[in-house]
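>>> build me a model from this:
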Amino acid sequence: MASYQALIAAASEVGDLETASICEQIMREDQAMADRIQQSLPRIVTERMQGSPGARAGKGRRARARPLVFREP
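Okay, the predicted model is just below:
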């Protein structure tokens, strides 16, 4: 986000309104994705931890990690 804010400020300063506008749009899209991930991540992590072999067996050892996959709700 900070990079886009810096690009927007610099582009605006030199009069490159097209670049500033594009960066603003990308920044909004990135923020929307970050919000969706932040909203879904606790549920995803909990589901994965509950479904891990170590959690099912009640063992204190670490199970081999499986990749987390983000799916649209």
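
>>> what's the longest helix in the chain?
helix 17-50 (DSSP state H).

>>> counting by contacts, list what that helix packs against.
helix 2-13 (3 or more Cβ pairs under 8 Å, 6 or more residues apart in numbering; DSSP states H and E). In this view, the C-beta of every residue, glycine as well, is placed from N, C-alpha and C.

>>> residue 8 and residue 28: what is the separation?
11 Å (Cβ to Cβ, to the nearest Å).

>>> more neighbours: which of these two?
residue 8 (19 against 11; other Cβ atoms under 10 Å).

>>> poorly predicted segments of this protein, please.
Flagging of the chain using pLDDT under 70 yields the residue ranges 53-73.

>>> the same query, at a cut-off of 80, please.
52-73 (pLDDT under 80).

>>> would you mark the buried spots in the longest helix of the chain?
Using 16 or more other Cβ atoms under 10 Å as the test for burial, helix 17-50 gives 20, 23, 24, 27.

>>> in JSON lines, list the residues you listed along with distance to residue 43.
Shown next, in JSON lines, are the buried residues of helix 17-50 (distance: Cβ to Cβ, whole Å):
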{"residue": "20", "distance to residue 43": "36"}
{"residue": "23", "distance to residue 43": "32"}
{"residue": "24", "distance to residue 43": "30"}
{"residue": "27", "distance to residue 43": "26"}
